[in-house]
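> sequence first, then the predicted structure, then my questions.
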Amino acid sequence: MTVTITAFERSPDRGNGLARDMRVRWALEEAGQLYDVRLLSFQAMKEPAHLALHPFGQIPTYEEEGGPALFESGAIVLHIAERHAGLLPGEAKARARAIMWMFAALNTVEPPVFERALARILERDEPWYEQRLRVLEDTIRKRLAGLSRHLGDAEWLDGGFSAGDLLMVTVLRRLQGSELLAAYPEIAAYIARGEARPAYRRAFAAQRAVFTAASAG
Ligand SMILES: N[C@@H](CCC(=O)N[C@@H](CSCc1ccc([N+](=O)[O-])cc1)C(=O)NCC(=O)O)C(=O)O
């Protein structure tokens with residue numbers, strides 16, 4: 001089965017694995033699924049050929065020979081997880097909770113984390129920047145407190161490693177180096193456990209190699 005994903009030709013994050021193809025790469029590596037990557041420039045992402053695949057002109061997308069063409073990184077990870085062992089439990093109640101954590105990562109934790117990252121890049125000169133940052137960081141602190149309370153000293157969010165942890169780790173990585181995360185060393189350790197997984201390391205190295213090659217070119 002041939003799988004092809006799309007990714008930035010040259011990621012603005014300089015190969016730090018923050019672009020959302022990273023979570024798809026990681027899921028494919030956990031699943032042991034080989035994949036090809038179509039690298040796209042910002043311009044190509046807005047051209048008809050890609051817009052036919054992704055109505056919002058973004059990456060990642062996922063194409064599977066004889067299967068669906070998908071966009072939305074969470075949906076792609078779920079599609080992979082449903083077809084390969086190792087990312088969702090087999091037992092129905094545990095599986096439902098792992099999917100619940102996928103939604104929690106993308107729906108409850110990622111929005112303020114991603115908005116804060118965007119604000120710090122694009123909105124610093126706005127008159128309301130400081131107030132908006134304060135509101136976003138207060139929300140992030142509440143999310144980290146809730147996550148810390150749930151996690152306790154557990155290795156993963158709910159039993160064994162799942163796609164919920166995969167998505168949550170990719171979301172939380174964006175806080176690395178911040179005072180917000182420094183207040184929660186146990187969450188930093190949780191992220192590090194995700195980053196220590198061989199599948200994560202293969203995925204990270206692959207996306208890093210794209211940036212390195214683009215920088216050498
Ligand atoms: N909800 C969608 C969001 C996809 C998305 O935001 N894609 C971004 C790249 S990942 C988001 C991202 C962008 C940049 C960095 N960075 O660190 O520079 C990190 C992550 C994109 O294509 N942006 C181009 C555009 O919208 O025109 C999903 O999860 O797949």
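That came through fine.
> can you mark which positions in stretch 194-214 are buried?
Of the residues in stretch 194-214, 194-195, 197, 199-200, 203-204, 206-208, 210-211 count as buried by neighbour count, 16 or more other Cβ atoms under 10 Å. (C-beta placed from N, C-alpha, C; glycine too.)
> stretch 146-161 now?
Going by neighbour count (16+ other Cβ under 10 Å), the buried part of stretch 146-161 is 147, 151, 156-158, 161.
> go on, stretch 112-123?
Quick answer for stretch 112-123 (16+ other Cβ under 10 Å): 112-117, 119.
> could those residues go into a markdown table alongside distance to the ligand and pLDDT?
Formatted as a markdown table, these follow (distance: Cβ to the nearest ligand atom, whole Å; pLDDT from 0 to 100):
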| residue | distance to the ligand | pLDDT |
| --- | --- | --- |
| P112 | 15 | 98 |
| V113 | 11 | 98 |
| F114 | 8 | 98 |
| E115 | 12 | 98 |
| R116 | 13 | 98 |
| A117 | 7 | 96 |
| A119 | 13 | 97 |
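> could you dump those to JSON lines with secondary structure and distance to M45?
Compiled in JSON lines, the buried residues of stretch 112-123 are given as follows (DSSP: H, G, I helix; E, B strand; the rest coil; distance: Cβ to Cβ, whole Å):
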{"residue": "P112", "secondary structure": "helix", "distance to M45": "25"}
{"residue": "V113", "secondary structure": "helix", "distance to M45": "23"}
{"residue": "F114", "secondary structure": "helix", "distance to M45": "18"}
{"residue": "E115", "secondary structure": "helix", "distance to M45": "21"}
{"residue": "R116", "secondary structure": "helix", "distance to M45": "24"}
{"residue": "A117", "secondary structure": "helix", "distance to M45": "19"}
{"residue": "A119", "secondary structure": "helix", "distance to M45": "23"}
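> which parts of the chain sit against the ligand?
For the chain, the residues in contact with the ligand (Cβ under 6 Å from any ligand atom) are 11-13, 18-20, 45, 57-60, 72-74.
> residue boundaries of the helices in the chain?
21-31, 42-45, 48-51, 73-83, 92-103, 110-122, 129-151, 163-172, 179-182, 185-195, 198-216 (DSSP state H).
> now tabulate those helices in TSV and tack on distance to G67.
Below are the helices of the chain laid out as TSV (distance: least, Cβ to Cβ, whole Å):
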stretch	distance to G67
helix 21-31	13
helix 42-45	22
helix 48-51	19
helix 73-83	8
helix 92-103	20
helix 110-122	26
helix 129-151	34
helix 163-172	18
helix 179-182	37
helix 185-195	27
helix 198-216	21
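> so E65 is in contact with T2, correct?
Yes - assessed by Cβ atoms under 8 Å, E65 is found in contact with T2 at 4.1 Å.
> the more surrounded of those two?
Of the pair E65 and T2, T2 is the one with more neighbours under other Cβ atoms under 10 Å, namely 11 against 8.
> before I go, just wanted to say thanks for your time.
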